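Trainee: my questions are about this predicted structure, shown below with the sequence.
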Amino acid sequence: MLHRESGTFKTSYAADMALYPLPIARWTVAMIVLLFAVIIPLALDDYYLSILNLVLIAIVGALGLNILVGYTGQISVGHAAFMSVGAYTAANLAVHAHMPFWVTLPAGGMMAALVGAIVGIPSLRIKGLYLAIATLAGQLIIEWIINHTPAISGGAQASIEVPRPTLWGHHMKTQGQLYFFLLFFAALATVATLNLVRSRIGRAFVAIRDQDIAAEIIGVDIYRYKLLSFAISSFYAGVCGVLYTYYLGIANYEQFQINVSIDYLAMIIIGGLGSVLGSIFGAIFVTMLPIVIRLVMEPLAGLFLNEGELSSVVSSVRLVLFGGLIIFFLVIEPEGLNRLWRNIRNYFRVWPFSY
Amino acid sequence: MSGELEFAFALLVNGLSIGMLYALIALGFVLVYKATDAINFAQGEFVMLAGFVAALVLGIEGVPAVVGVAAAVAVMILFSFALERIVLRPLLGRPIIAVIMATIGLGAMLRGLPPITVGGETRAISLGIGDTPIQIWSATLPPIQVLGVVVTLAFLGLFTWFFMKSRMGIAMRAVADNQQVAMAMGINVERYFALAWGMAGVVSAFGGVIWGSMLGVDVHLALVGLKVFPVVILGGLDSIIGAVVGGLIVGVVESFAAGYLDPYVGGGTKDFAPYVLMIIALMFRPYGLFGTHKIERV
């Protein structure tokens, strides 16, 4: 949190685990809610809100992937495929069965969770590299199946147009309306993850990450929890896919290819593995990166490049920066932006009396 | 009946020769994994980089093919050494995910670089061996594929000799077996890590030249790397002969799937079938046909 405390004076476990360790923490939370619910939507125009909306969608996906990779230690290179499962499930339900979003959203999530658990089955036998390759295979196979089954993908273009979500008879069309729609789910996902990781399930996940054989010996049912981790993580991914579909108004498999899986892995590595705040930082960072690159390069490169060349150069620069940042954070700062944030916070915690 | 048989034979020969070319790329992966336990998700990008170097050098008027190949080999060796020193050595002893992600990041970087430095257009590599197809009964093979098979067989022979007979090869096997014991025996483990990466670089350089002259060199050449995984999983991650056998299996399966299944499902089985095969293999024999079965302890 943003507030400062002068030291740690906790005398009981209850005090240590309290949600609001100091009275000021309530105020901090209230201020954050006020900022996101009132100030931001009033202060920003549509363009910035649309960027923020993309960040909110990415937060849901990054949180889900962090549960699997950061907390449970099971790598997945196929998360974008789970998103596409959610997206197409919701799109089909919304278009053919005219379901509202509060049905399609959990349905998409559940479908993704089911597929995710199936893809996760190999994790019972294999781990590390083998699991990475198995999930990569999952990504390619799911992509192929969706693309080659007209019943799912809706014909030649493999894309389905989806109506905007409606609530109490209102269509959510503008970026401002979509912002509140997405903010609700991003906040829900964040709170749910925070609670999940400090529960019995979360502790079991961390035990499996740290040493799965040891976890099994102390009585963690690793098969159950590994599959559960895959299912929960894929549920988030599915919801993320549904949100993205509603945001774009179209479900298209090209939005969920392997490079998207890698984007999300980059988010949680840059943000910080095994950290909720890190997922949020990573989602913000990775979503903003291409926009910032564009902003910086437009006046520079606009002089001697045309529009089409510029966008291809931006996407290449983005790839290079991405790769570079992943390597940089892995080698120099394995705990990511979250660690940098903690360092800054700890410095100011007792500032100016830091001795 | 004989038409049927001729078709099957053509598919078989084509599959075998493509399989040998997959094996060539997989060799680089296996070498690194065998000696250093590091996983190279950027193998396809290695191949692409070598292809770009060869294409750029050969693009200059009047440069003989040998110079292009030599340039690719030299650049790849330097690149692999630098990579090992800068990126992978700091990651020693870290979780396996760190190495996987680092090479994925490296792959992204390498894919992004060519369009901003030398331009993204497709380049050709001309080795001057002509393109009159070679006829074997019903099968026709382009000469570059035959050359690829020869190169793979040469590397297979070379590596078999290297690991069985040469002093360095035996030292490398010791490093692969147990790094600590190897160190205690006076083997400079870090030097052998660098050597393994360098060897992988050489193999990738040849892979890049051959695949580059088959498909043309652009960013999509890196997609060849996706085929490495079924190959090494089937063959076993740390087995040289496994890479070749896995390559042959994947090549043949792919070729038959494309020949017999594609007409019914509307294409694309070529990229799909090897992965299905791989999933089955993972379920029943995760350490592959020739790989070492590692026992885990707490």
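Mentor: It's in.
Trainee: can you name every helix or strand that the longest helix along chain B contacts?
Mentor: Secondary structure of chain B per DSSP state H: the longest helix is helix B:2-36. In terms of contacts (3 or more Cβ pairs under 8 Å, 6 or more residues apart in numbering or on different chains; DSSP states H and E), helix B:2-36 is packed against helix B:43-59, strand B:139-141, helix B:143-164, helix B:167-177, helix B:189-215, helix B:228-235, helix B:240-256. (Glycine included, C-beta is placed from N, CA and C.)
Trainee: ranking these by burial, who's on top?
Mentor: helix B:228-235 (a mean of 29; mean count of other Cβ atoms under 10 Å in any protein chain shown).
Trainee: hang on, the earlier thing: relative to chain A, which of the helices and strands packed on helix B:2-36 is closest?
Mentor: Nearest to chain A, of all the helices and strands packed on helix B:2-36, is helix B:228-235, at 4.6 Å by Cβ to the nearest Cβ.
Trainee: just the CA trace of that closest one, in CSV.
Mentor: Coordinates of the C-alpha atoms in helix B:228-235 are reproduced here as CSV (Å, rounded to 0.1, in the frame of the first residue of the first chain):
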residue,chain,number,x,y,z
VAL,B,228,12.1,-29.2,-33.5
PHE,B,229,9.9,-30.0,-30.4
PRO,B,230,8.0,-33.0,-31.8
VAL,B,231,11.3,-34.3,-33.2
VAL,B,232,13.3,-34.1,-29.9
ILE,B,233,10.4,-35.3,-27.7
LEU,B,234,10.0,-38.4,-29.9
GLY,B,235,13.7,-39.1,-30.1
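Trainee: same list (the helices and strands packed on helix B:2-36) but as CSV, adding distance to residue A:76 and mean pLDDT.
Mentor: Listed next are the helices and strands packed on helix B:2-36 as CSV, based on distance: least, Cβ to Cβ, whole Å; pLDDT from 0 to 100:
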stretch, distance to residue A:76, mean pLDDT
helix B:43-59, 20, 90
strand B:139-141, 39, 80
helix B:143-164, 33, 90
helix B:167-177, 28, 88
helix B:189-215, 26, 91
helix B:228-235, 15, 87
helix B:240-256, 23, 90
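Trainee: can you add distance to residue B:4 and give those back as a markdown table?
Mentor: Converted to a markdown table, the helices and strands packed on helix B:2-36 look like this (distance: least, Cβ to Cβ, whole Å):
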| stretch | distance to residue B:4 |
| --- | --- |
| helix B:43-59 | 36 |
| strand B:139-141 | 14 |
| helix B:143-164 | 24 |
| helix B:167-177 | 46 |
| helix B:189-215 | 28 |
| helix B:228-235 | 27 |
| helix B:240-256 | 13 |
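Trainee: still on that earlier bit, how far off centre is the longest helix of chain B?
Mentor: The chain centre lies 11 Å from the centre of helix B:2-36; the measure is Cα atoms, centre = their mean, to the nearest Å.
Trainee: any chance of the helices and strands packed on helix B:2-36 in TSV with distance to chain A as columns?
Mentor: Below are these laid out as TSV (distance: least, Cβ to the nearest Cβ, whole Å):
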stretch	distance to chain A
helix B:43-59	9
strand B:139-141	28
helix B:143-164	22
helix B:167-177	15
helix B:189-215	16
helix B:228-235	5
helix B:240-256	13
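Trainee: among those, which is nearest residue A:323?
Mentor: Of all the helices and strands packed on helix B:2-36, it is helix B:43-59 that lies closest to residue A:323, at 9.4 Å by Cβ to Cβ.
Trainee: so what secondary structure elements neighbour the closest one?
Mentor: For helix B:43-59, the contact count by 3+ Cβ pairs under 8 Å, 6+ apart identifies helix B:2-36, helix B:65-83, helix B:96-117, helix B:189-215 as packing neighbours.
Trainee: now do the buried residues in the helix or strand hosting residue A:32.
Mentor: Element membership for residue A:32 (DSSP states H and E) is helix A:23-34. Neighbour-count burial for helix A:23-34, counted by 16 or more other Cβ atoms under 10 Å in any protein chain shown, picks out residue A:25.
Trainee: from the middle of its chain, how far away would whichever helix or strand comes after that helix be?
Mentor: Downstream of helix A:23-34, the next assigned helix or strand under DSSP H and E is helix A:40-43. Counting by Cα atoms, centre = their mean, helix A:40-43 is centred 23 Å from the centre of its parent chain.
Trainee: check which element follows helix A:40-43 along the chain.
Mentor: Following helix A:40-43 toward the C-terminus (DSSP H and E): helix A:46-65.
Trainee: elements contacting that following helix?
Mentor: helix A:79-96, helix A:175-197, helix A:222-248, helix A:258-271, helix A:276-301.
Trainee: between the ones you listed, which one is nearest to residue B:77?
Mentor: Closest of these to residue B:77 is helix A:258-271, at 27.5 Å (criterion: Cβ to Cβ).
Trainee: what's the angle from that closest one to helix A:79-96?
Mentor: Counting by axes from the mean of the first three to the mean of the last three Cα atoms, to 10 degrees, helix A:258-271 points 120 degrees away from the direction of helix A:79-96.
Trainee: elements contacting helix A:258-271?
Mentor: Applying 3+ Cβ pairs under 8 Å, 6+ apart, one finds that helix A:258-271 makes contact with helix A:46-65, helix A:79-96, helix A:129-148, helix A:276-301, helix A:307-332, helix A:336-349, helix B:96-117.
Trainee: okay, buried residues for it please.
Mentor: Buried-residue list, helix A:258-271, by 16+ other Cβ under 10 Å: A:258, A:260-271.
Trainee: let me see the contact set for residue 89.
Mentor: Using chain A here. Counting by Cβ atoms under 8 Å, 6 or more residues apart in numbering or on different chains, residue A:89 touches A:104, A:107, A:108, A:111, A:112, A:238, A:242.
Trainee: not quite, I wanted chain B
Mentor: B:190, B:193.
Trainee: okay, it: pLDDT?
Mentor: Note on residue B:89: pLDDT of 86.
Trainee: ok, residue B:185 next?
Mentor: 89.
Trainee: measure the residue lying closest to it once chain neighbours are set aside to residue B:187 for me?
Mentor: Spatial nearest neighbour of residue B:185, excluding adjacent residues (Cβ to Cβ, 6 or more residues apart in numbering or on different chains): residue B:174 at 6.6 Å. Per Cβ to Cβ, to the nearest Å, residue B:174 is found 6 Å from residue B:187.
Trainee: which single residue in the stretch 151-298 of chain B comes nearest to chain A?
Mentor: Per Cβ to the nearest Cβ, residue B:275 is where the stretch 151-298 of chain B lies closest to chain A, at 4.1 Å.
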